[in-house]
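In: 3D, please:
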Amino acid sequence: MQLSTGGDMLNFGFWDESTISPIDAQEKLCTIFAELSHLKSAENILDVGSGLSAPAFFWAEKYPNLSITSVNINNSQLVSAKNKRSLNSKFEVRFINSTATSLPFADDSMDRILAFESAQHFKPLDFFISECKRILKSDGILSLAIPILGKDFSQPLLKLGILSMTWSSEHYSKNHILSTVNKNNFEILEEKLIGANVYPPLADYYSKNRESIQKKILKNYSTSVEKILWRSIKKMRETSEKNIIDYLLLSCKKN
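Out: As a prediction, the model looks like this:
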């Protein structure tokens, strides 16, 4: 996404009839996810797998009561986020370099834990969910926004085609995620499948604006990179329409 937008948001975005750009779609998904996570009533939250922390800054501005800790295993992304944070000191955001499966936080210390389009990279997922159970306060909420396999396939890579190479993450199914959450005694509060508002409209936008997007990409990358991205975008739409891939929003409460 950063290749085509030039911004710091890394998520796919949520597209509807009023969406005018990828950044608009990304901010809509941030807003939907914040509401799913009940951030309005929270104080201390972890944003795990925080990328460049653009969503954390977005939430910090929208909810000034929040104290946000961005956790990322990628130290260079954290450095970039810290530099941006220094330009706007009103944001209550701090940064921790850590893996998602062994988090350096005290038991019962957080109101919310968010994995905003990041948990697809966590392996094993069970370790992360178990850590969330330990760290969340009583009635604390864990929320995930995660690209998933639409069905449980025995050989998912064959179904994904080029996406098996360009979708650089684990390929979790909804059933696997829900069973992992249930195993750790979380209560499901809300679940939504929003793939139809994620993949096809993003592919349509790329198709309609390919020439201008291509110019941005070619400033830093070769034509072969753009061609691979274009093939991946088309495959993304195809697999979404066949329900091979989907996108899950999930919130659950610690019991």
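
In: thought Met9 was touching Glu27, still the case?
Out: Yes - taking contact to mean CB atoms under 8 Å, the distance of 7.4 Å between Glu27 and Met9 places them in contact. C-betas here are computed from N, CA, C, even on glycine.

In: pLDDT value on Asp152, please?
Out: If you check Asp152, the pLDDT there is 64.

In: quick one: mean pLDDT over the one helix or strand Lys227 maps to.
Out: Secondary-structure element containing Lys227, defined by DSSP states H and E: helix 223-241. Confidence over helix 223-241, taken as the mean pLDDT, stands at 91.

In: just checking, what packs against it?
Out: If contacts are counted by 3 or more CB pairs under 8 Å, 6 or more residues apart in numbering; DSSP states H and E, helix 223-241 sits against helix 156-160, helix 163-166, helix 199-208, helix 210-218, strand 245-254.

In: nearest to Phe95, of these?
Out: strand 245-254 (24.4 Å; CB to CB).

In: got the angle between that closest one and helix 223-241?
Out: 70 degrees (axes from the mean of the first three to the mean of the last three CA atoms, to 10 degrees).

In: mind starting the numbering at 815 from now?
Out: Sure thing, new numbering starts at 815, so read that last one as strand 1059-1068.

In: can you give me phi and psi for the spatially closest residue to Ser932 that is not a sequence neighbour?
Out: Leaving aside its chain neighbours, Ser932 sits nearest to Gly863 (2.5 Å; criterion: CB to CB, 6 or more residues apart in numbering). With angles defined as degrees, to the nearest 10, Gly863 shows backbone torsions of phi 80, psi 50.

In: which residues touch Gly863?
Out: For Gly863, the contact set (CB atoms under 8 Å, 6 or more residues apart in numbering) comprises 885-887, 914, 929-933, 935-936.

In: next one: Arg926
Out: Under the criterion of CB under 8 Å, 6+ apart, the contact partners of Arg926 comprise 851-853, 856, 858-860, 950, 954-957.

In: now do the SS call for Thr883.
Out: Using DSSP: H, G, I helix; E, B strand; the rest coil, the secondary structure recorded for Thr883 is strand.

In: distance of it from Gly1009?
Out: Shown here: Thr883 relative to Gly1009, a distance of 30 Å by CB to CB, to the nearest Å.

In: any chance of the helices and strands packed on helix 1037-1055 in JSON lines, with mean neighbour count, mean pLDDT and distance to Asn999 too?
Out: Formatted as JSON lines, the helices and strands packed on helix 1037-1055 follow (neighbours: other CB atoms under 10 Å; pLDDT from 0 to 100; distance: least, CB to CB, whole Å):
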{"stretch": "helix 970-974", "mean neighbour count": "16", "mean pLDDT": "64", "distance to Asn999": "28"}
{"stretch": "helix 977-980", "mean neighbour count": "16", "mean pLDDT": "66", "distance to Asn999": "33"}
{"stretch": "helix 1013-1022", "mean neighbour count": "18", "mean pLDDT": "94", "distance to Asn999": "32"}
{"stretch": "helix 1024-1032", "mean neighbour count": "14", "mean pLDDT": "90", "distance to Asn999": "45"}
{"stretch": "strand 1059-1068", "mean neighbour count": "22", "mean pLDDT": "97", "distance to Asn999": "8"}
